[in-house]
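Student: below are the sequence and a predicted model for it; my questions follow.
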Amino acid sequence: MSRQVIFDKKNILVAGGAGFIGSHLCDELVKDNKVICVDNFVTGSERNIDHLLANPNFIFINHDLSKPLDLASLPELKPFKVEFQGVQEIYNLACPMSPRRFLENRLATLLANSYAVKNLLDLAVQYSSRFLQFSSSVVYGQRREDNPNFKVQEDYLGVVDQLSARSSYDEGKRFAETMVSNYRSVYNLDARIIRLFRVYGPRMEDNDDQIIPDYINSALENKEIVIHGNSSFSSSFCYISDAIDAIDKFMASELSGPINIGSDVDIKLSDLVGLIIKNLGSQSTIVYGDSKLFVSELTLPDVRLAKNELGWMPVVTLENGLKKTIFDIKAHKKLQGFQS
């Protein structure tokens, strides 16, 4: 059981709250709660939370979570009265998420998937907080070549190479789940695991080997759009508001997970590019390039558990999600042009 709320709002800590998904989560949580956003900007961005900094129910802490965090000692948190009320919920999204800079961030990724998870779980034990670990489809390994349309259920034991160039993230996410599961058992902690499958939307980083923003930027400039793989390369894409809705429903439930959240609709990247070109009236053409380490065909989710137990399913179509993402990227480009 989480500690009772003494005052009018819960105290909620969002680790990695300046990242793409984390900042959208902060937007939602701050409507009814007091939010402590912790990030060190390894891959997060201040622009993602600028609009929240003046909100009295939002406080940002610049901290590397691979080192312990003593919330009660922080003077900026005095308005939240943490020493009396504690922290009711902790959301852990703290992990470097830059495909382009993945190799240079490998050690930071290892620490995020080990020390940072431990330090946040220790806070959850200290404050009897409800804890949510953000895991990933990568725990299932790569898409099966013998059955590419296979949709993974939560009990599927994937194959991950713990010595691969991607291992700090892929195996790291598996280890993080192991830590959460054991803390739950040892401390009777309300600790939950959510596995996200390729989420997209506004605030994704530009020029970072992220599939959708890179394609949109190339289309805006009428450049060739490079698909790093062959013409059969496909994936699924879940819009950010659908993911946030799932997170909210999951935390309000009695489930502990793991639970798959994502779209189970497989989309060829060539068709995705076609939608972007059509939406923008772009003159871009498609070319195929060498595969990249962190641009890969991931497994498709079986989301029946989320549908049956949470009443959740993605509702934003790819076409509508792309329109919203394009609008954000175009607006950001105009702002950058104005600032320069």
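Tutor: Received the coordinates, thanks.

Student: now name the helix or strand holding the closest residue to residue 329 other than its chain neighbours.
Tutor: Nearest in space to residue 329, with sequence neighbours left out and distances taken as Cβ to Cβ, 6 or more residues apart in numbering, is residue 216 at 5.2 Å. Where C-beta positions appear, they are placed from N, C-alpha and C, glycine not excepted. Per DSSP states H and E: residue 216 is located in helix 211-220.

Student: before we move on, what about residue 203?
Tutor: Per DSSP H and E, there is no helix or strand for residue 203.

Student: what's around it, how many residues?
Tutor: 23 (other Cβ atoms under 10 Å).

Student: where does it land on pLDDT?
Tutor: Listed pLDDT for residue 203 reads 94.

Student: that one contacts residue 23, doesn't it?
Tutor: Yes: using Cβ atoms under 8 Å, residue 203 makes contact with residue 23 at a distance of 5.9 Å.

Student: can you pull out the strands in the stretch 201-340 of the chain?
Tutor: Taking DSSP state E, counting those that start in this stretch as the test, the strands found in the stretch 201-340 of the chain are 225-228, 234-235, 238-239, 259-261, 267-268, 286-289, 300-301.

Student: mind putting these in JSON lines, mean pLDDT and mean neighbour count included?
Tutor: Below are the strands of the stretch 201-340 of the chain laid out as JSON lines (pLDDT from 0 to 100; neighbours: other Cβ atoms under 10 Å):
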{"stretch": "strand 225-228", "mean pLDDT": "92", "mean neighbour count": "19"}
{"stretch": "strand 234-235", "mean pLDDT": "92", "mean neighbour count": "22"}
{"stretch": "strand 238-239", "mean pLDDT": "98", "mean neighbour count": "24"}
{"stretch": "strand 259-261", "mean pLDDT": "98", "mean neighbour count": "26"}
{"stretch": "strand 267-268", "mean pLDDT": "94", "mean neighbour count": "14"}
{"stretch": "strand 286-289", "mean pLDDT": "92", "mean neighbour count": "13"}
{"stretch": "strand 300-301", "mean pLDDT": "95", "mean neighbour count": "26"}
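
Student: re the thing from before, which residues do residue 203 and residue 23 both contact?
Tutor: residue 48 (Cβ atoms under 8 Å, 6 or more residues apart in numbering).

Student: rewinding a little: and the helix holding residue 216, what does it pack onto?
Tutor: Helix 211-220 is packed against strand 225-228, helix 269-280, helix 318-339, with contacts defined by 3 or more Cβ pairs under 8 Å, 6 or more residues apart in numbering; DSSP states H and E.

Student: how far does it sit from the chain's center?
Tutor: Per Cα atoms, centre = their mean, to the nearest Å, the displacement of helix 211-220 from the mean C-alpha position of its chain is 20 Å.

Student: over to stretch 41-58?
Tutor: 16 Å.

Student: over to stretch 114-131?
Tutor: 18 Å.

Student: can I get that stretch as CSV, trimmed to CA atoms?
Tutor: Taking C-alpha atoms only, stretch 114-131 is exported to CSV below (Å, rounded to 0.1, in the frame of the first residue of the first chain):
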residue,chain,number,x,y,z
SER,A,114,21.2,-1.0,-12.9
TYR,A,115,22.2,1.7,-10.3
ALA,A,116,19.4,4.1,-11.3
VAL,A,117,16.8,1.4,-11.1
LYS,A,118,18.1,0.3,-7.7
ASN,A,119,18.2,3.9,-6.3
LEU,A,120,14.7,4.5,-7.4
LEU,A,121,13.4,1.2,-6.0
ASP,A,122,15.1,2.1,-2.7
LEU,A,123,13.1,5.4,-2.7
ALA,A,124,10.0,3.4,-3.4
VAL,A,125,10.7,1.1,-0.4
GLN,A,126,11.5,4.2,1.7
TYR,A,127,8.2,6.0,0.9
SER,A,128,6.0,2.9,0.2
SER,A,129,5.5,4.3,-3.3
ARG,A,130,3.8,2.6,-6.2
PHE,A,131,6.6,2.0,-8.7
